[in-house]
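S.K.: Return a 3D structure for these sequence lines:
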Amino acid sequence: GEEKEDAPAGPAHERHKTMLVSFFSIHCFEKERDMKYQCELPFKGTNKVFKAPEFVYKHLWNKHWPVVKQELYLMSFLMDPLHPTETPLGGPGGWAPHQGGGGQMGRGPP
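M.R.: Here you go, the predicted model:
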């Protein structure tokens with residue numbers, strides 16, 4: 001079977017906390033003003049309710065680790081100053097699908 005991956009102890013690095021601020025706030029719904037906060041991601045069929053937003057953040061980190069990890073990867077990529085910003089498909093020197101007919105492998109456009 002597939003092994004469940006446990007989350008690390010917590011977003012220990014300040015960089016992780018900074019990258020996840022938007023993610024956490026998007027998934028934390030204030031159900032009752034200054035009293036109840038709800039996780040927007042279902043866990044075991046329900047949306048958990050907590051007394052403070054920091055408990056929702058902790059819940060997201062611990063119970064929804066695969067989603068949090070995916071967000072961390074995405075944010076790391078987007079914050080990398082060297083990440084590609086344009087796709088060269090079809091551009092000068094870029095890859096473009098073969099437009100010719102005949103279905104012969106290895107034969108480029110005329």
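
S.K.: low-scoring stretches of this structure, by residue?
M.R.: Applying pLDDT under 70 to the chain flags residues 1-4, 9-14, 87-110.

S.K.: Do a quick rundown of the helices in it.
M.R.: 14-26, 53-63, 65-79 (DSSP state H).

S.K.: hmm, who's touching the first one?
M.R.: With Cβ atoms under 8 Å, 6 or more residues apart in numbering as the test, helix 14-26 has contacts from 11, 40, 53, 56-57, 60, 68, 71-72, 75-76, 79. Quick note: C-beta positions are derived from backbone N, CA and C, even for glycine.

S.K.: Now the buried members of those.
M.R.: 11, 56-57, 60, 68, 71-72, 75 (16 or more other Cβ atoms under 10 Å).

S.K.: circling back: output the helices of the chain in JSON lines, with distance to residue 44 appended to each entry.
M.R.: Shown next, in JSON lines, are those (distance: least, Cβ to Cβ, whole Å):
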{"stretch": "helix 14-26", "distance to residue 44": "20"}
{"stretch": "helix 53-63", "distance to residue 44": "9"}
{"stretch": "helix 65-79", "distance to residue 44": "15"}
